[in-house]
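Participant: everything below, folded, please.
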Amino acid sequence: MFRTMLILTTIAVCASIAAAQSDYKKFEFFGGYSHNFVNTDSIDEREGFHGFETAATANLSRYFGLKFDFSAHFKDRSIPLFTIQGGSGSLDIDSQVYNFLGGVQLKDNATDSTFKPFAHALVGAAHARNKLNFNPAGCVAVFPSPCVNQTVSETGFAGAFGGGIDIRVNDRIDVRAIQIDYNPTRLFDSTQHNFRIGVGIVIH
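Facilitator: As a prediction, this is how the structure comes out:
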């Protein structure tokens, strides 16, 4: 009889632990569109870069998780050039910015929550690459010596501090209705004060 009671008690305790452990989502994976307002010069002027963001979060409790975040943003620009003879050309710039970030996320990950506000603080590295392509029609007269196609790149500090809200669709999928981050980077001997906005899908 004692052995039977011990077995039943053990089963009940294990069931309680299992229930307690399953009342929140253990992992989540995010993917979606991201638009980054990138600080492109020293006078705080920003340009819109289109791109995407992905993230993976391991939730250590109902409210706290460890997060890894990757994003990539792209922008093509063309700057007109004019020769002293009155001809014209252009400098075409293909810019790419990548963020590799990790940190913490605060969010109510209960399985039955419908609206899930979250906040995160992430730090890591940014990598920027600018490909410069000169149109020769106006190149020689304006830039006689440095007028050659080249790629300039830099890697430095980056962070993302912000949050957003997820809306439950079903047990496996949420919609990320909005995410807004302050995304500072330290590249090319200056600090860029960027802001990114994103939407997408969260899978549990």
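
Participant: next, Lys25: phi, psi?
Facilitator: Reported as degrees, to the nearest 10, the phi and psi values for Lys25 are phi -80, psi 130.

Participant: measure how buried it is and give me the count.
Facilitator: Lys25: 21 surrounding residues under other Cβ atoms under 10 Å. Heads up, the C-betas are built off the backbone N, CA and C, glycines and all.

Participant: who are the contact partners of it?
Facilitator: 59, 109, 111, 204 (Cβ atoms under 8 Å, 6 or more residues apart in numbering).

Participant: Ile197 in helix, strand or coil?
Facilitator: Here Ile197 is strand, with the state taken from DSSP: H, G, I helix; E, B strand; the rest coil.

Participant: the closest residue in space to it that isn't next to it in sequence: neighbouring residues, count only.
Facilitator: Counting by Cβ to Cβ, 6 or more residues apart in numbering, the nearest residue to Ile197 once its immediate chain neighbours are dropped is His35, at 5.1 Å. Neighbouring residues of His35 were enumerated by other Cβ under 10 Å; the total is 15.

Participant: and Val152, by the same measure?
Facilitator: Neighbour tally, Val152, other Cβ under 10 Å: 12.

Participant: could you list which residues are in contact with it?
Facilitator: With Cβ under 8 Å, 6+ apart, Val152 has these contacts: 129-130, 132.

Participant: and of these, the nearest to Asp94?
Facilitator: Taking Cβ to Cβ as the measure, Asp94 lies nearest Asn130 of the contacts of Val152, at 7.2 Å.

Participant: contact partners for the closest one?
Facilitator: Counted by Cβ under 8 Å, 6+ apart, Asn130 has contacts 93-96, 151-153.

Participant: what does Asp181 give?
Facilitator: 160-163, 195-198.

Participant: what subset of those is buried?
Facilitator: 160, 162-163, 195-198 (16 or more other Cβ atoms under 10 Å).

Participant: tell me which residues in stretch 176-190 are buried?
Facilitator: Judged by neighbour count using 16+ other Cβ under 10 Å, the buried positions of stretch 176-190 are 176, 179, 181, 183-187.

Participant: relative to Phe161, how far out is the most centrally placed residue in the chain?
Facilitator: In the chain, the C-alpha nearest the mean C-alpha coordinate belongs to Ser71, at 3.9 Å (Cα atoms, centre = their mean). Distance, Ser71 to Phe161, using Cβ to Cβ, to the nearest Å: 14 Å.
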